[in-house]
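Trainee: Show me how the following folds:
(one chain, ligands or ions: 2)
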Amino acid sequence: MSTTTTTTTEPAPSTDDEWVHYHDGGVPGKRRILTGPAAKPTFTELPRIDFRRIYSDSLAERQELAAEVGAACRDVGFFYAVNHGVDDAMLQATFEAVQRFFALPTDVKMEAHNQKSRLFRGYEAFLEGRLDPRTRGDLKEGFLMGEDATDPEQHRPPTPLTSSPRNQWPTSPSAAFFRPAMYRYYTHMLSFSRRLLRIFALALALPETAFDAISTSPMANIRAVHYPPQASDADVGIGAHTDFCWFTLVSQSLTARPALEVLNANGAWVPVVPEPNTFIVNVADFLSLVTGGTWQSTVHRVRNMTGEERYSLPFFFSPNEDARVSVLERFREPGREYGEITVGEYFQKRLDIDRTTHLEGEEEGGMKRVYI
Ligand SMILES: O=C(O)CCC(=O)C(=O)O
Ligand SMILES: [Fe+2]
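Mentor: Ligands and ions are numbered 1, 2, ... in the order given. Prediction:
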């Protein structure tokens, strides 16, 4: 991509080369690429935060961690969680199972094709996702599972909203190893997420347990993803987007070179170098909404130019489906009216938008970003 700067006060006529395109809040957006004197102060790498303190009995230590987390959420929207304490052998075993699953014959994986599911649970084939419609589709295959009170592994009491099946699992005996592996990962990530939610509450100057009541039966998804190495720069593993949940935790396989990239305020892509035993944590749209945009749901994408197969395991966390949320008191502007949104309705709206929007006709696209 070429970039231009100008020394005159008149903005130079813009060409498409000067913009980065993405999906933000479910709708197309774009950011001008800024260099030289026009560049703003912004991040050029992700902060690394030591999460050992999440297990500390000392509130002061948890608050110290929360202060670092809060600064990263405000300034970057992404950070590395090192020393997260989640069992490394379990993480390795999950990656092995994911790799084995994607190596199964297509017809076995297609038994659980996500096109049969309103929530797009199950298997997504290559090029079926297309977050950037200027591409031929996302060069990835995936498998999505999430909250489902009918899966006994979840020990989740059925509610009127969650009493019918949501997940789809392959039925072939050759895939039988996959479901328990996904559930081991799910259980560990859910319990880490509950701790993290308390750190987020502290970071927002709220009591530690402030979000507990709206997260008794959270919406939480794993998407296992396989990105083959891409030969061409015209392809993308997953097009530029923001996540539509409260926050995301990503475990990624250790390719020698980075593939995940995060967009900074100057329209530059910052690579996320894989590190062993480390989660990538990012603020997603919900946390950004409830903080009135103070915390950033930062745009990111994957381009697998590493020459290696890449696997990742994003874990998407949202509060209870029927929780009603709004902009937190301390982020409200005096005299302004704020509405409420229901977590599940917002989620479904975003899911539907992601399936239907196209970059063509951006601003007049008819779909509007969902605001509170
Ligand atoms: O594969 C990754 O590292 C990130 C994937 C991602 O951004 C997503 O699934 O929303
Ligand atoms: Fe994402």
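Trainee: so what's Arg303 up against?
Mentor: Contacts were defined as Cβ atoms under 8 Å, 6 or more residues apart in numbering; by that measure Arg303 touches Gln230, Asp233, Asp235, Val236, Gly237, Ala259, Glu261. Where you see a C-beta, it was placed from the backbone N, CA and C, and this is true even at glycine.
Trainee: I'd like to know how far it sits from Ile199.
Mentor: 31 Å (Cβ to Cβ, to the nearest Å).
Trainee: picking that back up, can you tell me which of the contacts of Arg303 end up in strands?
Mentor: In this view, those that belong to strands under DSSP state E are Glu261.
Trainee: closest point of the stretch 251-372 of the chain to ligand 1, which residue?
Mentor: For the stretch 251-372 of the chain, the residue closest to ligand 1 is Ser312, as judged by Cβ to the nearest ligand atom, at 3.3 Å.
Trainee: three-state assignment of that residue?
Mentor: What DSSP: H, G, I helix; E, B strand; the rest coil gives for Ser312 is strand.
Trainee: That one touches Ile238, doesn't it?
Mentor: No - look at Ser312 against Ile238 with Cβ atoms under 8 Å: they stay out of range, at 9.3 Å.
Trainee: What strand or helix carries the closest residue to Phe331 other than its chain neighbours?
Mentor: The shortest distance from Phe331 to any non-neighbouring residue, by Cβ to Cβ, 6 or more residues apart in numbering, is to Gly292 (3.6 Å). Under the criterion DSSP states H and E, no helix or strand holds Gly292.
Trainee: Just give me the neighbour total for Gly292.
Mentor: Gly292 has 17 neighbours, counted by other Cβ atoms under 10 Å.
Trainee: how far away is the residue lying closest to Asp87 once chain neighbours are set aside from Leu313?
Mentor: Using Cβ to Cβ, 6+ apart and skipping residues adjacent in sequence, the residue nearest Asp87 is His188, 6.7 Å away. Separation of His188 from Leu313 (Cβ to Cβ) stands at 11 Å.
Trainee: likewise Glu321?
Mentor: Separation of Glu321 from Leu313 (Cβ to Cβ) stands at 23 Å.
Trainee: His188 and Leu313: which is more packed in?
Mentor: Taking neighbours as other Cβ under 10 Å, His188 and Leu313 compare with Leu313 leading, 21 against 17.
Trainee: quick one: contacts for that one?
Mentor: Contacts of Leu313 (Cβ under 8 Å, 6+ apart): Thr94, Phe95, Val98, Tyr185, Ile222, Arg223, Ala224, Val225, Val250, Ser251, Gln252.
Trainee: what do you get for Lys30?
Mentor: Lys30 makes contacts with Trp19, Val20, His21, Tyr22, Glu362, as judged by Cβ under 8 Å, 6+ apart.
Trainee: shouldn't the first one be in contact with Pro28?
Mentor: No - here Trp19 lies out of contact with Pro28, judged by Cβ under 8 Å, at a distance of 11.1 Å.
Trainee: between the two, who's got more neighbours?
Mentor: Taking neighbours as other Cβ under 10 Å, Trp19 and Pro28 compare with Pro28 leading, 22 against 15.
Trainee: any idea which helix or strand carries the more buried one?
Mentor: Using DSSP H and E, Pro28 sits in strand 27-32.
Trainee: before we move on, the earlier item: common neighbours of Ser312 and Ile238, please.
Mentor: Common contacts of Ser312 and Ile238, defined by Cβ under 8 Å, 6+ apart, comprise Val225, Tyr227, Val302.
Trainee: By neighbours, which of the residues you listed wins?
Mentor: Using other Cβ under 10 Å as the neighbour criterion, Tyr227 leads the shared contacts of Ser312 and Ile238 with 29 neighbours.
Trainee: pretty sure that one contacts Asn304?
Mentor: Yes - here Tyr227 reaches Asn304: they are 4.2 Å apart, a contact under Cβ under 8 Å.
Trainee: Need the residues touching each of these two.
Mentor: Residues touching both Tyr227 and Asn304 comprise Leu139, Gly237, Ala259, Arg310, with contact defined as Cβ under 8 Å, 6+ apart.
Trainee: For the second one, give me its contacts.
Mentor: Looking back up the chat, that one is Gly237. Asp138, Leu139, Lys140, Val225, Tyr227, Gln230, Ala259, Arg301, Val302, Arg303, Asn304, Arg310.
Trainee: For those, give me a markdown table that also has pLDDT and distance to Asp88.
Mentor: Below are the contacts of Gly237 laid out as a markdown table (pLDDT from 0 to 100; distance: Cβ to Cβ, whole Å):
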| residue | pLDDT | distance to Asp88 |
| --- | --- | --- |
| Asp138 | 92 | 29 |
| Leu139 | 94 | 29 |
| Lys140 | 96 | 25 |
| Val225 | 98 | 20 |
| Tyr227 | 98 | 22 |
| Gln230 | 96 | 29 |
| Ala259 | 98 | 21 |
| Arg301 | 96 | 27 |
| Val302 | 97 | 23 |
| Arg303 | 97 | 27 |
| Asn304 | 98 | 24 |
| Arg310 | 98 | 19 |
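Trainee: and those residues near ligand 1, which?
Mentor: Near ligand 1, judged by Cβ under 6 Å from any ligand atom, the entries from the contacts of Gly237 are Val225, Val302.
Trainee: Just send the contacts of Gly237 back as a markdown table, with secondary structure too.
Mentor: Converted to a markdown table, the contacts of Gly237 look like this (three-state DSSP):
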| residue | secondary structure |
| --- | --- |
| Asp138 | strand |
| Leu139 | coil |
| Lys140 | coil |
| Val225 | strand |
| Tyr227 | strand |
| Gln230 | coil |
| Ala259 | coil |
| Arg301 | strand |
| Val302 | strand |
| Arg303 | coil |
| Asn304 | coil |
| Arg310 | strand |
